[in-house]
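> Sharing a model prediction with you, sequence too.
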Amino acid sequence: MAKRPIFIAKDKYPFYTEKTIEFEYFAGFSASQKQKSINSLHNSYKKQGGGDVLEISTKGEDKLGINLSAFNLLIGINGGKYKLECVFQGSKVFEHGGPYTDLYDVQPWEAKKDNRLRESGKVIGFNLFGKDFKSEPKDFFYNWIYINALAKNKKYLEELDMYEAFTDIEFNPNKSINCQARSVAIAVGLKKAGILEKCISDEKVFLSEVYKVTG
């Protein structure tokens, strides 16, 4: 047995609820094993009264969830389009280096495994095409760029209305901070609240609404 969080969209701050679900985990790296674990997680949630769930990763079977993986989701910046994962990794500013903007143009798995990300010290902020972003709240920059990318794709947003909750089978809250399933839940919650467009127009508004951070 294993435990993983499920993120349920809601129309009020913090725009999602996180629920830890215990389920049967199928060990192994093959796609079939991952999908068995995903189905087990989702079925456990439904047995507790939950509704439809979408896996947000390349490990799932649903095309929408695969397209919304940070490895596939595109973000438009400065007239170009880049994979979300590459922008996140390439925008990190460390104590001893960065941002490594050459990572914008490589494959997402290459960006994530680049040795410089582990050899440059602590992350102290982010810089996206010359614009600085703070490293606190810890998942702010990731959520900011992810939700901006998603919000500009109306088709994806409409399809997400079919689901009440979201998962990422690879996300372990004991090892990671950022989670694409949480980002999707927040975006859906902001849409339900009618403030999605307002929030993506200004990061200060986003910080105020999503994190209650002002100033």
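It's in.

> mind listing the strands in this structure by residue range?
Secondary structure of the chain (DSSP state E): strands at 2-9, 16-23, 53-55, 74-77, 80-83, 92-94, 123-128, 131-133, 165-167.

> who's in contact with the fifth one?
Contacts made with strand 80-83 from outside it, assessed by Cβ atoms under 8 Å, 6 or more residues apart in numbering, are listed as 70-75, 104-105, 107-108, 111. For glycine as for every other residue, the C-beta is placed from the backbone atoms N, C-alpha and C.

> wait, what's in contact with the most centrally placed residue in the chain?
Central residue of the chain (Cα atoms, centre = their mean): Q180, 1.9 Å from the mean position. Taking Cβ under 8 Å, 6+ apart, we find Q180 in contact with 56-57, 68-70, 146, 168, 171.

> How about S135?
123-126, 141.

> coming back round to it: in JSON lines, list the contacts of strand 80-83 along with neighbour count, distance to L84 and pLDDT.
Output for these, formatted as JSON lines (neighbours: other Cβ atoms under 10 Å; distance: Cβ to Cβ, whole Å; pLDDT from 0 to 100):
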{"residue": "A70", "neighbour count": "27", "distance to L84": "4", "pLDDT": "98"}
{"residue": "F71", "neighbour count": "18", "distance to L84": "8", "pLDDT": "98"}
{"residue": "N72", "neighbour count": "15", "distance to L84": "8", "pLDDT": "98"}
{"residue": "L73", "neighbour count": "25", "distance to L84": "5", "pLDDT": "98"}
{"residue": "L74", "neighbour count": "16", "distance to L84": "7", "pLDDT": "97"}
{"residue": "I75", "neighbour count": "21", "distance to L84": "5", "pLDDT": "97"}
{"residue": "Y104", "neighbour count": "19", "distance to L84": "11", "pLDDT": "98"}
{"residue": "D105", "neighbour count": "13", "distance to L84": "14", "pLDDT": "97"}
{"residue": "Q107", "neighbour count": "13", "distance to L84": "13", "pLDDT": "98"}
{"residue": "P108", "neighbour count": "22", "distance to L84": "8", "pLDDT": "97"}
{"residue": "A111", "neighbour count": "23", "distance to L84": "10", "pLDDT": "98"}
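
> quick one: which of these is nearest to D132?
For the contacts of strand 80-83, the minimum distance to D132 (Cβ to Cβ) is 16.8 Å, reached by Y104.

> Could you verify my assumption that the closest one touches V87?
Yes - with contact defined as Cβ atoms under 8 Å, Y104 reaches V87; the gap is 6.1 Å.
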